[in-house]
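Enquirer: Below is the sequence, then the predicted model.
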Amino acid sequence: MLTAQVPKTKEVQTSDCDVLIVGAGPAGYMAAAWLARHKGVKVRIVEKRDGKIFAGQADGLQCRTLEVLQSFGFADRAWKDANHMLEICFWNPDESGKGVVRTGRIPDMSPGLSRFQQIVLHQGWVEGYFKDNLKKYGGAQVEFSTMPESMEIDESKVDDNDAYPVKVVLRHLKEEASAPEQFGHEVLNGLFRSTNLVTTAEEDNALAEDTAKESTEIVNCKYVLGCDGAHSWVRRQLGFEMLGEHTDYVWGVLDIVPITDFPDIRNRCAIHSANSGSVMVIPREGALVRFYIQLSEVERDAEGRVNRAKITPEMILKACQKIMAPYTITYEEIQWFTAYQIGQRVVDDFSSHNRVFITGDAAHTHSPKAGQGMNTSMMDTYNLAWKVGAACQGILDRSALSTYGYERSAVAHDLINFDRKFAKLFSGKPATDAADEAGVSMEEFKKVFEKSHLFASGVSIDYKASNLIAKPAPETEDPHNPVKPAVVESKQSLATGIPVGQRFNSFQVMNQSDSRPWQFQDLMKSDSRWRVTVFAGDVRDAEQKARIEKLAAHLDKPDSFIHKYTPADRKRDGLFHVLTIHSAPRVEVELHDFPTALRPQHDYWSVYVDDMSHHEGHGHAYKNYGVDPKRGCLVISRPDQYVSLVCELEDTDLVEKFFAACLIPQKK
Ligand code: FAD
């Protein structure tokens, strides 16, 4: 048992809930939106704040995040509203050492990584899109001014899929208790919420007072998701610890409409001065620009902690002016400011009994300049929530929930390693010459920046073997790895451009019925279905056609995975979405040449072709996916678009084995 301080008041209301999400930041909103796509799953999301949209905070959306937002149907809104980050300029000390000069420009993201590029707009907008999406799909609405005050896990019930083993007492706060204070500044600021400067002890104490309380209730939950940020209450209840270090570097952030003669103000810039520190310039939506400014002259207490009350926008601007000299900078308007100290830490465990999970900033903190926090937080719950949703529905075996911590802790550790390198190079002093070993080589900085694109974009994430990813386990596998091993092995050589464990990349294909070109990934919506992608090859060939018919006959069998695991109250394609891409010329094939298992009645959106479109060119999908255009192959991908299995069209036994290891047969 964990903490057991449930108040014994008779009038306390009690209810059941499948999933309780604590915290409505990017991680919490993503979890709620994803769970909204899981029919019948009862979800609540609570947020201790009063709901007012704040300015500032995160602003970068990476390529992979945009692909995911697209799968929810609203990347286009972000794409239109945001500023696009296309070029990065490097500024370094000039010869005199007294000013800075432009020393290079590169594309901000390496071309070809994704059909999206990095964009920036403030976190409040992103949360706003999620709110609209939740309304559209009847998802849980955020219950503001509400927070947990105690949590117990009944360990005797954790293995029972139908049990509600986590008891949470929720406290509804008085409105005045849940409004964030602004540390006495008139300008909106993030000092109350910034990642590392603040301890939440005083805030927690204030909210624990009875005077802050309106009422309490008891909620019995199947699952609790701790999406409650860097100072996570949920994490502290579990006794989990953040492991890692705090650096000494302190950074200020200004969101301003600048008045300046600096020529690259509408490009992302990394500016290193000789002796005054560094600045990163991030041009934002409209005329707004964000500056990350290294602060060398800040007041600290005896333990080295920064006195946040002493941080003002004026002092941050002064530091910026020194670094950017000889260029001048001041502002017409300031929207937000904050300051933070970089802490690079990862939680020691991502879940308790696969019932309570730690996600987002609650699980990892790092510097914000690489634009990863909001993205990684959303991607954590994008990884987790479909698994929890399907477990609640009795479809996914609970053993598969272990893959969350396994997959995402690896990402968190990679992120910290990346951030350490990046933050050190960015915060360090430029080398004066080749012999200056303590200084940062600007050439190395540029190289690391270029290399970092693949990681920062989020598209290179590669989940390891498990009962959800059919590939060989790494030789250096951790003996304490809690996940069930892969029971089958993919035949990766059949699709060299669709790496198992990575997200299904996107190339253009064309609809067989109406010739409309589509990005293939756009057909894989986040709707909780698994994808069965049939690369049908050249179906003009009789032998190849026979292979397709044999596969279709298997899919039609009442005991095939499609029928075995799809709940009776769902349509035939309720859990598995079969998509076909063939490689014959479109005009030499008809939709009706394909068996009905691949194109149910009235479904004109399941069969595609790799061919030249009338208006938008050729996607060369087979070539890009590395699939033989004559023989094709079969690809199984998870509801979150990560590739599970690649095999031959006739390897239905492998597919059956794969699903038997992770899904639960349904009653008919
Ligand atoms: P949060 O956004 O912190 O959300 C947690 C939520 O939980 C909050 O709303 C909080 O009020 C609520 N909460 C906390 N405790 C409780 C409780 N007990 N009960 C109920 N609710 C609770 N990231 C990027 O990707 N790109 C960037 O460019 C970037 N820039 C940043 C700039 C700054 C100045 C800062 C401070 C951060 C930046 N980040 C950036 C990081 C980013 O803001 C965070 O990584 C991201 O917000 C984390 O999302 P989250 O949902 O995990 O946590």
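Expert: Now that the structure is in, tell me what you want to look at. Here the structure is a predicted model, which is why all the values come from computation and not from measurement. Numbers count the residues shown, from 1 in each chain.
Enquirer: Walk me through the domains of this protein.
Expert: With domains defined by automatic domain parsing, the chain comprises 13-456, 492-660.
Enquirer: need the ones you listed in CSV with mean neighbour count, can you?
Expert: Glycine gets a C-beta too; all of them are placed from N, C-alpha and C. Formatted as CSV, the domains of the chain follow (neighbours: other Cβ atoms under 10 Å):
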stretch, mean neighbour count
domain 13-456, 19
domain 492-660, 19
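Enquirer: how about those domains, which one is nearest the ligand?
Expert: Of all those, it is domain 13-456 that lies closest to the ligand, at 2.0 Å by Cβ to the nearest ligand atom.
Enquirer: Quick check: residues of the stretch 551-668 of the chain near the ligand?
Expert: Within the stretch 551-668 of the chain, no position is near the ligand by Cβ under 6 Å from any ligand atom.
Enquirer: Okay, helices next: where are they in the stretch 551-668 of the chain?
Expert: Listed in chain order, the helices of the stretch 551-668 of the chain (DSSP state H, counting those that start in this stretch) span 561-565, 621-625, 652-660.
Enquirer: who touches stretch 97-114?
Expert: Residues outside stretch 97-114 that contact it (Cβ atoms under 8 Å, 6 or more residues apart in numbering): 63-64, 66-67, 85-94, 117-118, 263-264, 267-268, 271-275, 323-327, 442, 446, 449-450, 453-454, 456-457, 459, 506.
Enquirer: one step back: weakest of the domains of the chain in terms of mean pLDDT?
Expert: Here the domains of the chain differ in mean pLDDT, and the lowest is domain 13-456 at a mean of 88.
Enquirer: Quickly find the element holding the residue nearest the centre of the chain.
Expert: Central residue of the chain (Cα atoms, centre = their mean): M379, 1.8 Å from the mean position. For M379, the host element (DSSP states H and E) is helix 373-392.
Enquirer: Distance from that helix to the middle of the chain?
Expert: Computed by Cα atoms, centre = their mean, to the nearest Å, the separation of helix 373-392 from the middle of its chain amounts to 8 Å.
Enquirer: Likewise for stretch 369-386?
Expert: 2 Å.
Enquirer: before we move on, the earlier item: now the domains of the chain in TSV, with distance to A486?
Expert: Listed next are the domains of the chain as TSV, based on distance: least, Cβ to Cβ, whole Å:
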stretch	distance to A486
domain 13-456	11
domain 492-660	8
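Enquirer: Select, out of those domains, the one closest to N481.
Expert: domain 13-456 (6.4 Å; Cβ to Cβ).
Enquirer: What's the end-to-end length of that closest one?
Expert: End-to-end distance for domain 13-456, by Cα to Cα, to the nearest Å: 46 Å.
Enquirer: can you put the helices of the stretch 551-668 of the chain in CSV and add distance to I342?
Expert: Output for the helices of the stretch 551-668 of the chain, formatted as CSV (distance: least, Cβ to Cβ, whole Å):
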stretch, distance to I342
helix 561-565, 46
helix 621-625, 39
helix 652-660, 42
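Enquirer: Helices - which of the contacts of stretch 97-114 land there?
Expert: Cross-referencing the contacts of stretch 97-114 against helices under DSSP state H gives 63-64, 66-67, 323-324, 442, 446, 449-450, 453-454, 456-457.
Enquirer: Now distance to the ligand too, for the residues you listed, in JSON lines please.
Expert: JSON lines is the format used below for these (distance: Cβ to the nearest ligand atom, whole Å):
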{"residue": "C63", "distance to the ligand": "13"}
{"residue": "R64", "distance to the ligand": "12"}
{"residue": "L66", "distance to the ligand": "12"}
{"residue": "E67", "distance to the ligand": "15"}
{"residue": "I323", "distance to the ligand": "18"}
{"residue": "M324", "distance to the ligand": "19"}
{"residue": "M442", "distance to the ligand": "23"}
{"residue": "K446", "distance to the ligand": "21"}
{"residue": "F449", "distance to the ligand": "16"}
{"residue": "E450", "distance to the ligand": "19"}
{"residue": "H453", "distance to the ligand": "15"}
{"residue": "L454", "distance to the ligand": "17"}
{"residue": "A456", "distance to the ligand": "10"}
{"residue": "S457", "distance to the ligand": "12"}
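Enquirer: re earlier: now for the residue nearest to the centre of the chain: which residues touch it?
Expert: Contacts of M379 by Cβ under 8 Å, 6+ apart are 64-65, 68, 408, 411, 458, 461.
Enquirer: between these, which is closest to S526?
Expert: V68 (7.0 Å).
Enquirer: now check the longest helix belonging to the chain, is it near the ligand?
Expert: Counting by DSSP H, the longest helix found in the chain is helix 402-427. No: between helix 402-427 and the ligand, judged by Cβ under 6 Å from any ligand atom, nothing touches; the nearest distance is 10.5 Å.
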